[in-house]
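[1] I need the structure of the sequence given here:
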Amino acid sequence: MIDILIFFIGASLLLYILLGGSDFGAGILELLPAGNLRERQKKVINRAMGPVWEANHMWMILIVVILFMGFPTIFTTLMVALHIPMLALLVGIVIRGAAFTFRHYDAIQDAPSQRAYTWLFGLSSLWTAFWLGIIAASLNRGIIDPDAREVWRAYVAPWWGAYPLSVGAFVACIFAFLASIYLVGETNDPLLKRRFVRLGAVFNALVVVGGGIVFLASRDERESLAIAFLRQPVNIGVVVLATVLFVALWFLVSRRRVLLTRIVASGQVALILIGWCLLYAPDAVLTARGPLSFYQQAAPPATLRQLMLALLVGSVFIFPSLFYLLRVFKSADRTIPAAEGTDSATPGSTAIHPPSSP
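    Okay, here's the model as predicted:
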């Protein structure tokens, strides 16, 4: 049962990164100079995200529910020690959703308000992605101390430092990279296509450089990432495969293979996440007392059975419903002709990704 719950946590995390992460990345792209392409880029992003933008946070909610019900000690430890970055994350999500909504439905659609909403949307996207990375980096530093009584040691030290800050920037680059690659297939405008390809190349390079910075910053931690990777040959294979996909990705981009490009880009990010998780599995959190393992901190078997049954039954409804929702909206997009001067969706393309959220 525990293995099934771990699978649901891992799958939900991967889907949140690949789908919700590209939404955050789209907001980050709107912060970058675009010249006379800004409005056209905005329309493409709005159309790609708009129909189902609210659905994707269910993956994060699912992770929270599984931890709360199935692994209460792990949940409590994280929510207490990391409540500052958790709060920052939630504030970013709320502001981002509000800005994206009011950008569409504000009663007064004037230029100043649109600029304000766009900047709020972009900055909150960057802010949220940054804090997601900080939270991820804080899980296995060994600094979380449930016995701490000083404010700094109990609530700030677990997430403060060069390593978690560098991981925050690294995650933001990954999200912007995903958004750039996904958006290539969302427009027929050759100028926008070139822009998204160029941004994808830039952020792909930043991901590589950022990964190196993360490795360097980890030298001051209890154990550097380099040593942890070398200790597990599987992770070396993951890095090699991700490098191979890097070459394949840009070959496919040059051949304008939209679907395969998205699959390969998602595969790169998935490999990064898998390699990260394998470093510490089956431990969920490393504290000053020692590791908190999923197997040692699980709830009673009766609780786990109820949770597992709910997840299995829910999956039967959730995945087909999401597929149908996406199919309906994107089919509608293809049947509505684009107005003059606007972009039309690439025939046969899917959305920026399946149901997403700002």
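[2] what are the ranges of the helices in the stretch 251-358 of the chain?
    Assigned by DSSP state H, counting those that start in this stretch, the helices in the stretch 251-358 of the chain fall at 258-280, 301-335.
[3] likewise the stretch 51-200 of the chain?
    Ranges of helices in the stretch 51-200 of the chain, per DSSP H, counting those that start in this stretch, are 58-70, 72-81, 83-105, 111-138, 151, 162-184, 190-217.
[4] To Tyr16, which of those helices lies closest?
    helix 58-70 (3.9 Å; Cβ to Cβ). (Glycine included, C-beta is placed from N, CA and C.)
[5] so what secondary structure elements neighbour the closest one?
    helix 2-15, helix 72-81, helix 301-335 (3 or more Cβ pairs under 8 Å, 6 or more residues apart in numbering; DSSP states H and E).
[6] mean pLDDT lowest for which of those?
    Among the helices and strands packed on helix 58-70, helix 301-335 carries the lowest mean pLDDT, a mean of 80.
[7] just checking, what packs against that helix?
    Secondary-structure packing of helix 301-335 (3+ Cβ pairs under 8 Å, 6+ apart): helix 2-15, helix 58-70.
[8] Swap in 6 Å and give it another go.
    helix 58-70 (3 or more Cβ pairs under 6 Å, 6 or more residues apart in numbering; DSSP states H and E).
[9] check contacts around Tyr280.
    Neighbour list for Tyr280: Asn140 [criterion: Cβ atoms under 6 Å, 6 or more residues apart in numbering].
[10] Please determine how far it is located from Gln232.
    Distance, Tyr280 to Gln232, by Cβ to Cβ, to the nearest Å: 10 Å.
[11] What's the local residue count around the residue nearest to Ile318 when sequence neighbours are not counted?
    In space, and not counting its chain neighbours, Ile318 is closest to Met58: 7.6 Å by Cβ to Cβ, 6 or more residues apart in numbering. For Met58, the count of nearby residues is 19 (other Cβ atoms under 10 Å).
[12] From Ala137, how far off is Met58?
    In terms of Cβ to Cβ, Met58 sits 24 Å off from Ala137.
[13] Likewise for Glu221?
    9 Å.
[14] what about these two, which has more around it?
    With neighbours defined as other Cβ under 10 Å, Glu221 and Ala137 compare such that Ala137 has more, 26 against 18.
[15] Was I right to think the more buried one contacts Val167?
    Yes: Ala137 lies in contact with Val167 (Cβ atoms under 6 Å); the separation is 3.7 Å.
[16] State whether Asn36 is indeed within a strand.
    No: looking at Asn36 with DSSP: H, G, I helix; E, B strand; the rest coil, it is helix, so not inside a strand.
[17] How confident was the prediction at it?
    89.
[18] try Tyr105
    Note for Tyr105: predicted pLDDT of 81.
[19] Pull the number of nearby residues for it.
    For Tyr105, the neighbour count with other Cβ under 10 Å is 8.
[20] Please identify the buried residues of the host helix or strand of Ile45?
    Take DSSP states H and E as the rule and Ile45 turns out to sit in helix 38-49. Using 16 or more other Cβ atoms under 10 Å as the test for burial, helix 38-49 gives Arg40, Gln41, Lys42, Lys43, Val44, Ile45, Arg47, Ala48, Met49.
[21] ditto for stretch 1-19
    For stretch 1-19, a neighbour-count test (16+ other Cβ under 10 Å) marks 2, 5-6, 8-9, 12-19 as buried.
[22] mind showing which ranges of the protein have poor pLDDT?
    Counting by pLDDT under 70, the chain shows low-confidence ranges at 50-54, 329-358.
[23] hang on, the earlier thing: can I get the buried residues of helix 38-49 in TSV with distance to Arg149?
    What follows is the buried residues of helix 38-49, written out as TSV (distance: Cβ to Cβ, whole Å):
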residue	distance to Arg149
Arg40	55
Gln41	50
Lys42	49
Lys43	54
Val44	52
Ile45	47
Arg47	52
Ala48	49
Met49	45
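[24] quick one on the thing from earlier: is it possible to get CSV of the helices of the stretch 251-358 of the chain that adds distance to Ala107?
    Output for the helices of the stretch 251-358 of the chain, formatted as CSV (distance: least, Cβ to Cβ, whole Å):
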stretch, distance to Ala107
helix 258-280, 37
helix 301-335, 25
